[in-house]
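Trainee: fold the following, please.
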Amino acid sequence: MITKEQLFSIFSDGTNDFVYPEGFHEPGQLVTISMRSLAGVPLEDVKLRIFPDGEERLLKTTLERRGKFNFWSAETRLTCLPFCYRFRIQTSDRVYWLNSSGLHACMPPDEEDFKLVPGFRPPEWAQESVFYQIFPDRFRCGRPEFGRADRRKYPDTAPPVIRNWEENYEGDRSSREFFCGDLWGIREMIPHLEMLGVNALYLTPIFEAPSNHKYDTTDYCKVDAHLGGNEGLSALSAALKSHEMRYVLDGVFNHTGKHHPWFLDAVKNPESAYRSWYTFEEYPENYVGWMNHKSLPKLDYSSKELSDLMFRNPDSIALRWLDNPYCASGWRLDAPNMLGCNGVDERNLEIWREFRKKIKSIYEDSFIFGECFFEGSKWLQGDAFDSIMNYKGFTIPIIQWLSKKDLHLFPAEIHASEAASWMNSVMARIPYSIRNLQYNALSTHDIPRFIDRVEMNEQLYKLALVFQMAFPGIPSIYYGEEIALSGGNTSSNRIPMKWSDVTHKRELLEFVSCLAGLRRSSALLKNGSFRFVSATDDILAFVRFLENDVLIVAGNRSPKPGLIDIPVEWLGFSEGQRFSSIFSIGSVHFVEDGKIKLFLSAYEGIWLSGKLDQN
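Mentor: The predicted structure follows:
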């Protein structure tokens, strides 16, 4: 009879240990796909199940002993995109299925199969980055003459309110409140960003618009003059390049602002060439707006001319900002799930596939990621986005577990095992090479800051960072998180950066910088295998491993200390082998009964490093 511990040693994923040859794959390429278990686990037969033409194939595997493991491998050609597979495992009395979500006694859904994506080439620089998100009006004022210039261009908008940087902030009362941050201010603070360990920026919208958030675009070809104009962006780009840093822009392609010349002409002139660029239900008063907001009329991609201007033409809006002298390294796409034709999301995936093909044909290493609060797997199969803002797969489950509140701050406690199951189920639907590109944030401009969620508990915030920097994907710091920036309430997600606090928060800054440096320097954290291994109500643990290197990540959300056992025998560790704490020099743990026994203090997060002995 096979034991629970033996079953736990059965494993596979998309890393080099289990897919050969390593690296990128081309359509039609011959590859070898493997799974493993500890030697001695009584498996009678293993077959690789593929689905190349709409019908199941079960391929025979060959068995090979490698050190402490048995590997079952089969060769196959990558004939479709994505190429989906799982393993059928026969024991003496049962059949098990191994797919991307784990081992199952019952046949699991096809959506959770392992997936390879022939032809997909991830932007390597993005996978090696720690991002920093900036809301430009609130980061730093470099040249006050820009921000304080006349803003009365739009007479039917609320009067602009210019606020002092250090005044008490309790949330925006209007989108016309400005603190006058600009691109020159970002340029000034590159040394701060460099010290922090980040090497890529995501800027929320910077193109001409009446509001402080600038999601109401009036000109896609001009950087807003109050932020420094095109000259300011060119100077910022050059400065970032000299520091080996990159940046991506926010593409608001689903809608314009109501003051955009296209829309003004469409409303004024029934024969306007731009009328078909919007969806009018009753012309001219009744038109489709983003989330029914009439200030943000929705673009209609039924228009060929609109698509040509946005991304098809060589000088299109999407391409021009990736070219000299601006050299953006990609686009974060706003509300991409809503973009489409006829006022709805009709042809959405088709349009984004075409968008990707055009952008990547010229800028192959550009990074395309979409805002997506909920299910995003359909855009993550290798033919649309490289990534999404991973709210569903990381942000929401982590904040809900640690803060015991949901995205909207309602009480919503979940236990560690539930958080693990949630995150695992989302990851299982994404090809492995794309999983490692997901954009993982704790806070953004659209949700309350994490530090406010946990009522200024910096220990819980550090614990969240311990998980974030070790989790598969790309970690992102929202401006000010490095100093626990807070306005004292949950509406302060767009509070101006408090530069005076930088000197007072040195210990937290150094902690963030240390984690960011470890994340960027570690091949294991960028490309290694991942598995949740243990959970209680309050303690969660996962393992990252690559070749002989292993990292255990564990954390305790409770104000009380706790104990947890981390199984490591399935990784090939023997009795007495040691793990060393990365955060506490001299702290070591030894394998006992196939486990590492951990005592975690209140709110403690830990990284334990171990190296396999293959003898």
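Trainee: just give me the neighbour total for Thr279.
Mentor: 19 (other Cβ atoms under 10 Å). No exception for glycine: its C-beta is placed from N, CA and C like everyone else's.
Trainee: what distance do you get for it to Glu208?
Mentor: Thr279 sits 23 Å away from Glu208, going by Cβ to Cβ, to the nearest Å.
Trainee: with Ser272 instead?
Mentor: Taking Cβ to Cβ, one finds Ser272 at 21 Å from Glu208.
Trainee: any stretches of the chain with poor pLDDT?
Mentor: Along the chain, segments meeting pLDDT under 70 span 490, 614-615.
Trainee: and it, what are its domains?
Mentor: 4-116, 130-142+184-251+301-526, 255-298, 529-611 (automatic domain parsing).
Trainee: wait, a helix at Ala238?
Mentor: Yes - looking at Ala238 with DSSP: H, G, I helix; E, B strand; the rest coil, it is inside a helix.
Trainee: quick one: it from Ile134, how far?
Mentor: From Ala238 to Ile134 the distance is 17 Å (Cβ to Cβ).
Trainee: of those two, which one has the most company?
Mentor: Between Ala238 and Ile134, Ile134 has the larger neighbour count (other Cβ under 10 Å), namely 25 against 13.
Trainee: OK, contacts around the nearest residue to the more buried one once chain neighbours are set aside?
Mentor: Leaving aside its chain neighbours, Ile134 sits nearest to Tyr479 (5.0 Å; criterion: Cβ to Cβ, 6 or more residues apart in numbering). The contact partners of Tyr479, by Cβ atoms under 8 Å, 6 or more residues apart in numbering, come to Tyr132, Gln133, Ile134, Phe135, Arg138, Phe139, Leu485, Met497.
Trainee: from Cys106, how far out is Tyr479?
Mentor: The gap separating Tyr479 from Cys106 is 46 Å, by Cβ to Cβ.
Trainee: one more: Ser584?
Mentor: Distance from Ser584 to Cys106, by Cβ to Cβ: 43 Å.
Trainee: what sits against the residue positioned nearest the centre of the chain?
Mentor: Centrality entry for the chain: nearest residue to the mean C-alpha point is Tyr439, 1.2 Å, by Cα atoms, centre = their mean. Applying Cβ under 8 Å, 6+ apart to Tyr439 gives the contacts Phe131, Phe369, Ser387, Ile388, Met389, Asn390, Gly473, Ile474, Ser476.
Trainee: in CSV: the residues you listed, plus secondary structure.
Mentor: Shown next, in CSV, are those (three-state DSSP):
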residue, secondary structure
Phe131, strand
Phe369, strand
Ser387, strand
Ile388, strand
Met389, strand
Asn390, coil
Gly473, coil
Ile474, strand
Ser476, strand
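Trainee: from those residues, which is closest to Arg544?
Mentor: Gly473 (12.0 Å; Cβ to Cβ).
Trainee: my read: the closest one touches Ile434, true?
Mentor: No - the criterion here is Cβ atoms under 8 Å, and Gly473 misses it with Ile434 at 9.8 Å.
Trainee: so who does Ser609 touch?
Mentor: By Cβ under 8 Å, 6+ apart, Ser609 lies in contact with Asp549, Val550, Leu551, Phe579, Ser580, Ser581, Ile582.
Trainee: of the residues you listed, closest to Gly343?
Mentor: Distances from Gly343 to the contacts of Ser609, taken by Cβ to Cβ, are shortest for Leu551, at 48.6 Å.
Trainee: tell me the strands beside the helix or strand that contains the closest one, with direction?
Mentor: Using DSSP states H and E, Leu551 sits within strand 549-556. In the sheet, strand 549-556 lines up against strand 539-546 (antiparallel), strand 605-611 (antiparallel) (DSSP bridges).
Trainee: so what touches the helix or strand that it is followed by?
Mentor: Per DSSP H and E, the first helix or strand lying C-terminal to strand 549-556 is strand 562-567. With Cβ under 8 Å, 6+ apart as the test, strand 562-567 has contacts from 5, 8, 533-534, 536, 538-539, 541, 543, 552, 554, 556, 594-600.
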